[in-house]
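# fold the following for me, if possible:
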Amino acid sequence: RMGKTRVIAETGAGQHGVATATACALLGLECVIYMGAVDTARQALNVARMRLLGAEVVSVTTGSQTLKDAINEALRDWVTNADRTYYCFGTAAGPHPFPLMVRDFQRIVGLEARAQVRDLTGRLPDAVVACVGGGSNAIGIFHPFIDDAGVRLIGYEAAGDGVDTGRHAATFAGGSPGAFQGAYSYLLQDEDGQT
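Numbering: from 1, shown residues only. Purely as a prediction, here's the structure:
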C-alpha cells in the first residue's frame, strides 16, 4: 500500500539484517543491508545468512566502519531513493519516529520476559540486565519495566581499554549529551561535537 518495492536497513551484529532480509525474501522485495566493514568481518555468518536470503550487503568502509557509518550510508540511500524505498530502522537512533518505532517493536521481548518471570516466580524480577550497544535490545527489554520502582534496570556497555583511556564504547559512562543523526542522546564526541 505504501508503493515501496525496496527495503533498506542498517545492522551491527547482523540480527536485524537477517530479520529484514527474511521478511523481504518472503514478500518478494528488494533488500539492501548496510553494515560497517568492521562488523561484516566480525559477523561473517550473519552476512552469509543475509546473502542467502537474497539481500545485497553493503560493507561500509568510511569513518570507523561500524554501525554509525552504516546508519549514515543507509540515511543517504533513503533520502536519495525515498520514492521507492522503505528504511526499516533497527537501531534506537535517528530522527523521530524511528527510536519510538524500534522501542515499540523490540518491547515484545520485554513483554514476553515480564510475563514469563511472573508465571514462573509469581513476582517481578529484582533487576533486568541488557547490553546497550545500538540500544534496541536495551530499550526493548527495559520499556515494560520502566514504571516498576522495585525493578532495577541495568545497562552494560563495552569499556574497551577502560573508560578513562578514550578507547571504549561506553557512551553513558564516558560520553556527553549531543545531537547525532537527528537524535539527542549521550555520545562519544570531541570538544567540537564530532562523534
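# show me which residues of the longest helix seen in the chain are buried.
For the chain, the helix with the greatest residue count under DSSP state H is helix 98-121. Neighbour-count burial for helix 98-121 flags 98-99, 102-103, 106-107, 109-110, 113-114, 117 (criterion: 16 or more other C-beta atoms under 10 Å). Any C-beta I mention is one placed from the backbone N, CA and C, and that applies to glycine too.
# mind listing the strands for this structure?
6-10, 30-36, 56-60, 85-87, 127-131, 152-156, 176-180, 183-187 (DSSP state E).
# can you tell me what sits against the shortest one?
When contacts are taken as C-beta atoms under 8 Å, 6 or more residues apart in numbering, the neighbours of strand 85-87 outside the stretch itself are 2, 4, 6-9, 74-75, 77-78.
# hey, C-alpha coordinates of the longest helix of the chain in CSV?
Taking C-alpha atoms only, helix 98-121 is exported to CSV below (Å, rounded to 0.1, in the frame of the first residue of the first chain):
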residue,chain,number,x,y,z
PHE,A,98,12.5,5.9,14.4
PRO,A,99,13.5,5.4,18.1
LEU,A,100,9.9,5.0,19.2
MET,A,101,9.2,2.5,16.4
VAL,A,102,12.3,0.5,17.4
ARG,A,103,11.2,0.6,21.1
ASP,A,104,7.7,-0.5,20.3
PHE,A,105,8.8,-3.4,18.0
GLN,A,106,11.5,-4.5,20.4
ARG,A,107,9.4,-4.3,23.5
ILE,A,108,7.7,-7.6,22.6
VAL,A,109,10.8,-9.2,24.1
GLY,A,110,10.3,-7.3,27.3
LEU,A,111,6.6,-8.1,27.5
GLU,A,112,7.3,-11.8,27.0
ALA,A,113,10.1,-11.7,29.6
ARG,A,114,7.8,-9.9,32.1
ALA,A,115,5.0,-12.4,31.6
GLN,A,116,7.3,-15.4,31.8
VAL,A,117,9.0,-14.2,35.0
ARG,A,118,5.6,-13.6,36.6
ASP,A,119,4.4,-17.0,35.5
LEU,A,120,7.4,-18.8,36.9
THR,A,121,8.0,-16.9,40.1
